[in-house]
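Engineer: need the 3D shape of this:
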Amino acid sequence: MPSGQKLSKTRNIGIIAHIDAGKTTVTERILYYSGRVHKMGEVHDGEATMDWMLEERERGITITSAVTACQWRGHSINIIDTPGHVDFTIEVERSLRVLDGAIGVFCAVGGVEPQSETVWHQADNYKVPKIAFINKLDRVGADFERVLDMIKDRLGASPLALQIPMGVEDNFEGVIDLVSMKGLVWDDELLGAEYEEIPIPSGFMEEAARYRDLLVETLADRNDDIMERYLAEEPIEAGELQRTIREETIQLRLVPVFCGAALRNKGVQPLLDGIVDYLPSPVDIPPISGHVPETGNEETRPSESRAPFSALAFKVMMGQGRKMTYLRIYSGTVKTGEAVYNPAKNVSEKLARLLRMHSNKRERMDSASAGDIVAAMGLKLTTTGDTLCSRDKPILLEPIRFNEPVISAAVEPKRVQDQDKLMASLGKLSDEDPTFKFRIDEETGQTVISGMGELHLEIIAGRLKREFLVDTNQGKPQVVYRETISEAAEHEEIFRRELAGQEHFAGVRIRTSPLPRGTGSRFTDKCGNPDLTEVFLNAVRQGIREAESAGALMGYPVIDIETTLLDIQVKENLSDEMAFKVAAAMAFKSACAQAAPILLEPIMEAEVLVPEEFIGEVINDLNGRQGKIGQITIRGSVQVLTASVPLSKMFGYSTTLRSLSQGRGTFSMQFSHYDKA
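Structural biologist: Numbering: from 1, shown residues only. Take a look at the predicted model:
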């Protein structure tokens, strides 16, 4: 197949959703019906192909994003199944960064849940076109229209129903395709592998006509030809509707909506058709852009195998003690054994092997080109977010953004002789997962691990034991605080010291002032002194940046501060880079100490779903945890309560909520902002 044709027949898609919406089940069905696997794995049996880690199978949730590929209607589809749990949003973030399209899976009962909102907005940030699949229409309480309204209201999207269900709950029989105006029913005896088109049953005709009208009306507003035919009441061909739906989807103006019940094997093949018909190929999306390292000029790379090579490392995994790096190739071609250049680290590395992945199974490849998602062995220094390119045509692509950890715990090996092994294992785990960090606390000598939530740290401890054979004791989780200042202060620091027989001198005068919460810290140069060279300015900037890592109050990192350089003092032959760096750091610490420093704690946005009869007890409990109740809304038979609560007050909340609501309440929380402790 010529490379241009191969690219237009490639789809790189992710499956995103809230925990328990049925993402992994949908993926299993896609793999089964496309012939990629010959047995459907079920999440509840712990046999899902894509959930291959032991922790995933035991808990029945996805923890790590898994990559696979399948064929449908002559197209190659690369799929990433992402986690739905809030502690693992990094897996979604880095997957969305390299995908061209996404399927949002929604439970017909739960609708748009908090985590679906988070991942949907992440996809919006990366301008990823999406289609929606409303799953579990066979469940009690399923409501197709309510989910459509929620997609509109909560996600700010424009859903376009291309299918509607034939019946719901126990009466769910199949779906009505509004483009072809046919009913689709699946054969239960063949596990849904075959379906037939039937005339729309009379009982659904009125509803189908209403939705079809809405579909054509929506498209007529966006396409003049359809508008003319619609007004003249002429028939409109399915092909013309599909072309317009595809254009509008790729332009992020519409979200085509499909529906079904994946566990009952209904609705998956039309969803596969939708991936091919409406989601973009690498050719349909704008070329990737980046910066040329030497000049800083912006440059784009077209999605062509003949263009210069460029790829992004979006995930690192340690398997059997060896490092495997997942790459999305944006342009050019690369062969096994070839050297590639990493501009961020200024090193060349050799691709020892290229592999096509199917969950945790591997298939060797000789070469890979634009549009491919592959794994590579042999990249020792490349980490998540690094660009790889050819040395003679370097480019630096935008890296991946990571959230900072919000929860920490002390960890120690049960056997003293495992200390070195523990440190090596933690190093490997933090290479894999940029939201997991560890350090040795200088004051206590303890090893402190930090992550995105209690479950995150629990999984890390489980993996240490299983994969790295290190048994650990874990201390109670600790909150990662921050510091800031509440007023402005000025300070001048003179650094004068003799080191190794050489005298060093530097004088730095700065002003520190508080910034609004969530602004971050910034450095401003207002020094008019002609002695300030570029080298000295960079040394001052670096000294302040390093000093920001430990505040004056309790040694936590400092945020939301503007530091202004006002003046410097220089002595010829005595002033150097090191002296300015030290003077700036000392000046920053002293200025902060004088500026009424305060402690900030992480505030979480919690969403609690609870039946109405328990709402009073839940509110009382959250008030007792210093929570600020935001709003209470009704979603079907449950009340949805949002609140801002300090993380330090939320440890063990899931147990409390269970006992308050007789096990019927659920909650999710994510980091919102830092506020005064």
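
Engineer: and Ala593, how far from Ala587?
Structural biologist: 11 Å (CB to CB, to the nearest Å). Backbone N, C-alpha and C define where each C-beta goes, glycine included.

Engineer: between those two, which one's more packed in?
Structural biologist: The neighbour count for Ala593 versus Ala587, taken as other CB atoms under 10 Å, is higher for Ala587 (29 against 16).

Engineer: helix, strand or coil for the more buried one?
Structural biologist: Following DSSP: H, G, I helix; E, B strand; the rest coil, the label given to Ala587 is helix.

Engineer: quick one: contacts for the spatially closest residue to it that is not a sequence neighbour?
Structural biologist: If the residues on either side of it in the chain are set aside, Ala587 comes closest to Glu493, at 3.7 Å by CB to CB, 6 or more residues apart in numbering. By CB atoms under 8 Å, 6 or more residues apart in numbering, the residues touching Glu493 are Gly507, Val508, Arg509, Ala583, Ala584, Met586, Ala587, Ser590.

Engineer: 6 Å instead?
Structural biologist: Neighbouring residues of Glu493 by CB atoms under 6 Å, 6 or more residues apart in numbering: Val508, Ala583, Met586, Ala587.

Engineer: from the residues you listed, which single one is nearest Ile561?
Structural biologist: Ala587 (12.9 Å; CB to CB).

Engineer: quick check: which ranges of the stretch 501-650 of the chain have low pLDDT?
Structural biologist: Residues of the stretch 501-650 of the chain meeting the criterion pLDDT under 70: 636-637.

Engineer: now do the strands in it.
Structural biologist: For the stretch 501-650 of the chain, applying DSSP state E, counting those that start in this stretch gives strands covering 502-514, 522-525, 561-569, 597-611, 628-635, 638-646.

Engineer: could you name the helices and strands sitting against the third one?
Structural biologist: Contacting strand 561-569 under the criterion 3 or more CB pairs under 6 Å, 6 or more residues apart in numbering; DSSP states H and E are the following elements: strand 502-514, strand 522-525.

Engineer: give the contact list for the residue most central in space within the chain.
Structural biologist: Ranked by distance to the mean C-alpha position of the chain (CA atoms, centre = their mean), the top residue is Glu93 at 1.8 Å. For Glu93, the contacting residues are Gln122, by CB under 6 Å, 6+ apart.

Engineer: in the host helix or strand of it, what counts as buried?
Structural biologist: Counting by DSSP states H and E, the element that carries Glu93 is helix 89-98. Using 16 or more other CB atoms under 10 Å as the test for burial, helix 89-98 gives Thr89, Ile90, Glu91, Val92, Glu93, Arg94, Ser95, Leu96, Arg97, Val98.

Engineer: give me the nearest residue to the last one, chain neighbours excluded.
Structural biologist: Right, the one you point to is Val98. Spatial nearest neighbour of Val98, excluding adjacent residues (CB to CB, 6+ apart): Arg328 at 3.6 Å.

Engineer: per-residue confidence for the one you found?
Structural biologist: In this model, Arg328 is scored at 92, pLDDT.

Engineer: and it, what does it touch?
Structural biologist: Arg328 sits next to Val98, Leu312, Phe314, Ile373 when contact means CB under 6 Å, 6+ apart.

Engineer: please redo it, this time with the cut-off set to 8 Å
Structural biologist: Asn12, Val98, Ala311, Leu312, Phe314, Asp372, Ile373.

Engineer: can you spell out which helices and strands pack onto whatever helix or strand Gly274 lives in?
Structural biologist: Using DSSP H and E, the element containing Gly274 is helix 268-278. Contact partners of helix 268-278 among helices and strands, from 3 or more CB pairs under 8 Å, 6 or more residues apart in numbering; DSSP states H and E: strand 10-17, helix 23-33, strand 66-72, strand 75-81, strand 101-107, strand 130-135, helix 238-250, strand 255-259.

Engineer: the next helix or strand after the fifth one vs strand 101-107, what angle?
Structural biologist: Looking back up the chat, that one is strand 101-107. Taking DSSP H and E as the definition, the helix or strand that follows strand 101-107 towards the C-terminus is helix 114-125. Relative orientation of helix 114-125 and strand 101-107, computed by axes from the mean of the first three to the mean of the last three CA atoms, to 10 degrees: 160 degrees.
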